[in-house]
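Trainee: return atomic coordinates for the entry below.
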Amino acid sequence: MIEVLLVRTSLPRFASRPAAATLLAIAVAAVGLGPAASPAAAATIPAGSGSYTDTRPAGTSGPTTNTGAPVTPKVTAAARNKPVPTNDWWSSLAFQRYGDNPYSTPMYGHPLTYQATSGGLEVGYPTTPAVVGDGRQYEYAHKADLTVGLSGLNSPDTKADAWSDWTVTPYWADGSRTFRATIGHGMPFVYAKGSGGDARVTTASAPAVFSDDGNVLGITVAGHHYALFAPTGSDWNVSGSTITAGLGSKDYFSLAVLPSTDALATYRKYAFSFVTGSRVAWQSTGGDVRATYSLTTEAEEGTERGTLQALYRHQWLHTTDALTPYTYVSPRGTMKVRESASFTTSQKNNGVVPALPASSGVDKARLTGYLNEVANAADPFSGASDTYWTGKALGRLAQLVPVADQIGETATRDKLLGLMKGRLQEWFTAGGAGEFSYDKDWKTLTGYPASYGSDTELNDHHFHYSYYVYAAAIIAQYDRAWAADSAWGSMVEHLVRDAANPSRTDSAYPFLRGFDVYAGHSWASGHQGFAAGNNQESSSESINLSAGLVLWGAATGDTSLRDLGSFLLTTESEAITQYWFDADQQVFPDSFGHDTVGMVWGSGGAYSTWWTANPEEIHGINVLPVTGGSLHLAREKAAVKRNIAEMERENGGPAQEWRDLLWEFEALSDPAAAKAKWDGANGNYVPEQGESKAHTYHWINTLDTLGAPDMTVSGDLPTSAVFTKNGTRTYTAHNHGSSARTVTFSDGKTLSVPARSTATGTGAGGGDPDPDPPTGNTFRLKSGGVLTTDTTGPAGTDTIASADGVNRDGTPYRPTVYEVKQVNGKVAAGAATAFRLRVDAGTEVGLAPQVRVSYDLTGDGTFDQAETFRYFATDPVAGWEEYTHAVGARTTTGSLGELRNGTVRLEIWNALGNGTSQVQTGTDAAVLKIPYE
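Mentor: Below you'll find the predicted structure:
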């Protein structure tokens, strides 16, 4: 076994995966797990045609400490029968991985950080990043500004007492005192309750008091501002670095980190509105995914039940809910504060398809030859025996089944299906060489032989099981009887419940074990026992589970599970875009010299993997496996190009080891470039272990023919996608249902799809909700700064000025302005501002045009509403690209009303970059549609 120390020697082991475990380039050390626990007599539990055991196989281990001692959840009696959500941002409270630490390791809630100690809860607010590990990792490491607890508290341990979707309540008791503190993602407050002592806050250095109002105290520690709130009638006493307040007959107090000292009055309003729970609700309809994040509260004093919460970047980019001017620093970029107990996000659904559609660019004979290489291999599973590598082999075969079917190679299709069924059924039957075992203490199902700590640390279940669920979904597409609960579907559902359980009331498995709904992505470590918090390396394997849920739910008729997959995939896609790829270049610190990270940590990110410093694998680990669930990566094509460019710089040239994965990744943004590399290799390479020449050939040549995925358009069926080449869109969808249906896309096109079939075409119909050629409420942009309903006149282009190398996101800078005056109209119910523009950056790198549409309702020179849309990152390839309102609004200020001789203005400027770009004028692709009739 290998212990990996990532950058800092205080980070203990977490082996998370693939490839032969060589060495992480930074540091390694050996560690033993100690003797395995002795198993009791096992019982076999039937599940349809399959089964699992309730006791581990002989010679194996379940969760242990780092010395090999068995460990059970560290929770209070009140939480003993509740499934523990391992793989969370706070899991070290419940999973004591290190025998000498019965409290916790640092926990990164953002904006606050925490660590449990014998005397209470350390609280910090790291605002200055450090770049460490030879420049390969950035971190906002936990450093305590203060510790909150009770006078005299000296607890022998800290336990998890209660939890909800993104909050947790640790518990301390020392025989004389009890103490609880509710903390969470996005929460600037710590809500404390205790008995047996006075409220006590110990600061890291003597505090500077900026406000003292009896029970409300404002202090500054290490440059960070905090407010302390004791019950009315209490008084805070400051003595050096110790601050205390008697609680009298009460048992509550709170503290908050303030964005500025002048925010004290606002935060004071909510000091005693204690958060008691958190919950996300999602809905996937009409091509959109909506999620509402809500906190429940309880008034300890007065009647106020509202609160304040800080939204991550991936959230505030997709909400139109009002936000305050307050912000916080975090490893995920700026967090923005909302004054409410809930907010809602909305994103276009990132579709999943079983395979890319048929195209004329694929030679059947050549593809058949590649398929036969896999289907007729002496060992199609390449010797795999553990859960991870078996899963990789299953995934490799699963990608080829619909491809073989597509070209009429039904015998090969059925042979591949048979191989997959046989291996899954072996694993889904207790007593074989591979089997699953249920742990009643940890409420988890673990496959044995295990790998990469999936047994002893509960690591990576969502990675490993993603392949099983995806493979089962492909089988179900062709054999629904196999997927029935009475057959093998029950075992698939157990894996789903273990890794991504949609139920909060299931007594056998926790809710969404690996997925952190507020952080927007999954975590890989079961115990979270690191100084840098939890981590996730292969975000793409997490996406693989979400894609598998979409396909399994669709194939089995479980639309609620399908929609869960859409929510998880769409949410994590934006998190990957922002936090792994830094697509907007607004997250990574300026001092961090990389455009991507291989791993995200609670404290930051690292340009590394667990097993190698090879740039190909650092970049490729967040690409594999390439499937019909990978299309979301095409949404930010400029970021894909930057990613590939950095890999080649760091690598000293194009990819060699994982060239096929990286060709497929590049094809999502520049299919022609990827095909040129494929053609240059002429098939003379060794595929990555989860890939095949058949799949790579089909993927690259299909995208070269149809164009890259067009993520500005979504279908009202989650199993649909759109591709664009030279202005022509190709639509595809797979209908798992038993009757034909029509899929409607957000650009107004439709596609008729027969039952249990895939359809592909250029779409039919009109009624395009994007702007049509000019009518009464639709205006054409014309050179000279004019918006007009006149459809005559020549086409032209205008220049968009450079951003001069400064980030201008959200603030017009030397904009090109188009305006129309004396406009009259009433607001159209349910309508919204829409535009369609064509822009071109030529070969300039890193440009990003941005649009603002403003309404002066009476023409008096004052604009009553301004909508600023997200910028559009152009590619450095000459040719027009379409920029539409589908990117979503970044901010909206003011409100609309009746236009009476009003003025409408469109401004376009470059938000990023150091060059000029062009915008088309005088055509039907240069229009603005206003929400008026």
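
Trainee: only C-alpha atoms from now on, for both contacts and neighbour counts.
Mentor: OK.

Trainee: end to end, how far does stretch 811-821 reach?
Mentor: One end of stretch 811-821 sits 23 Å from the other (CA to CA, to the nearest Å).

Trainee: stretch 73-90 now?
Mentor: End-to-end for stretch 73-90, by CA to CA: 13 Å.

Trainee: residues making contact with that stretch?
Mentor: 91, 93-96, 107-109, 158-162, 168, 171, 441-443, 458-459, 507-516, 522-528, 533-534, 602 (CA atoms under 8 Å, 6 or more residues apart in numbering).

Trainee: Pro402: neighbour count?
Mentor: 23 (other CA atoms under 10 Å).

Trainee: go on, His314?
Mentor: Neighbours of His314 under the rule other CA under 10 Å: 24.

Trainee: for it, which three-state class applies?
Mentor: helix (DSSP: H, G, I helix; E, B strand; the rest coil).

Trainee: quick one: residues contacting it.
Mentor: His314 sits next to 520, 571, 574-575, 578 when contact means CA under 8 Å, 6+ apart.

Trainee: just these: which are in helices?
Mentor: 571, 574-575 (DSSP state H).

Trainee: how about those in TSV, adding neighbour count and pLDDT?
Mentor: Shown next, in TSV, are the ones in helices among the contacts of His314 (neighbours: other CA atoms under 10 Å; pLDDT from 0 to 100):
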residue	neighbour count	pLDDT
Thr571	27	98
Glu574	25	97
Ala575	23	98
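
Trainee: could you point out which of these is nearest to Asp716?
Mentor: Nearest to Asp716 among these, counting by CA to CA, is Thr571 at 17.4 Å.

Trainee: I figured that closest one hits Ser522, correct?
Mentor: No: the pair Thr571 / Ser522 is not scored as a contact, 10.4 Å apart, by CA atoms under 8 Å.

Trainee: any idea how many residues pack against Pro325?
Mentor: When neighbours are defined as other CA under 10 Å, Pro325 has 9 of them.

Trainee: helix, strand, or coil at it?
Mentor: Going by three-state DSSP, the secondary structure assigned to Pro325 is coil.

Trainee: quick one: find the helix or strand in this protein with the lowest mean pLDDT.
Mentor: strand 28-30 (a mean of 25; mean pLDDT, DSSP states H and E).

Trainee: can you name the next helix or strand after it?
Mentor: strand 44-47 (DSSP states H and E).

Trainee: which residues does that next one contact?
Mentor: In contact with strand 44-47 (CA under 8 Å, 6+ apart) are residues 51-54, 430, 485-486, 488, 490-491.

Trainee: give me the sheet partners of that strand and which way each runs.
Mentor: strand 50-53 (antiparallel) (DSSP bridges).

Trainee: and the strand it pairs with, average pLDDT?
Mentor: Averaged across strand 50-53, the pLDDT comes to 98.

Trainee: still on that earlier bit, redo the contacts of strand 44-47 as a markdown table? Include neighbour count and distance to Val722.
Mentor: Formatted as a markdown table, these follow (neighbours: other CA atoms under 10 Å; distance: CA to CA, whole Å):
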| residue | neighbour count | distance to Val722 |
| --- | --- | --- |
| Ser51 | 21 | 41 |
| Tyr52 | 26 | 41 |
| Thr53 | 21 | 44 |
| Asp54 | 18 | 46 |
| Ala430 | 22 | 43 |
| Asp485 | 17 | 33 |
| Ser486 | 14 | 36 |
| Trp488 | 23 | 33 |
| Ser490 | 20 | 34 |
| Met491 | 27 | 34 |
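
Trainee: any regions of this structure where pLDDT drops low?
Mentor: 1-42, 766-775 (pLDDT under 70).

Trainee: now do the helices in it.
Mentor: 264-268, 313-316, 364-375, 387-406, 410-427, 461-478, 490-500, 539-556, 559-575, 615-620, 637-651, 659-667, 671-681, 693-706.

Trainee: how about the ones you listed in JSON lines, adding distance to Thr307?
Mentor: Below are the helices of the chain laid out as JSON lines (distance: least, CA to CA, whole Å):
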{"stretch": "helix 264-268", "distance to Thr307": "8"}
{"stretch": "helix 313-316", "distance to Thr307": "17"}
{"stretch": "helix 364-375", "distance to Thr307": "57"}
{"stretch": "helix 387-406", "distance to Thr307": "43"}
{"stretch": "helix 410-427", "distance to Thr307": "48"}
{"stretch": "helix 461-478", "distance to Thr307": "33"}
{"stretch": "helix 490-500", "distance to Thr307": "29"}
{"stretch": "helix 539-556", "distance to Thr307": "32"}
{"stretch": "helix 559-575", "distance to Thr307": "24"}
{"stretch": "helix 615-620", "distance to Thr307": "40"}
{"stretch": "helix 637-651", "distance to Thr307": "36"}
{"stretch": "helix 659-667", "distance to Thr307": "42"}
{"stretch": "helix 671-681", "distance to Thr307": "48"}
{"stretch": "helix 693-706", "distance to Thr307": "48"}
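
Trainee: between the ones you listed, which one is closest to Val626.
Mentor: Smallest distance to Val626 across the helices of the chain (CA to CA): 7.1 Å, for helix 659-667.

Trainee: just the CA coordinates of the closest one, formatted as CSV?
Mentor: This file holds the C-alpha atoms of helix 659-667, laid out as CSV (Å, rounded to 0.1, in the frame of the first residue of the first chain):
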residue,chain,number,x,y,z
ARG,A,659,-3.4,10.5,-26.3
ASP,A,660,-6.8,9.0,-27.1
LEU,A,661,-8.5,10.5,-24.1
LEU,A,662,-7.1,13.9,-24.9
TRP,A,663,-7.9,13.7,-28.6
GLU,A,664,-11.5,13.0,-27.6
PHE,A,665,-11.5,15.9,-25.2
GLU,A,666,-10.1,18.3,-27.8
ALA,A,667,-12.7,17.1,-30.3
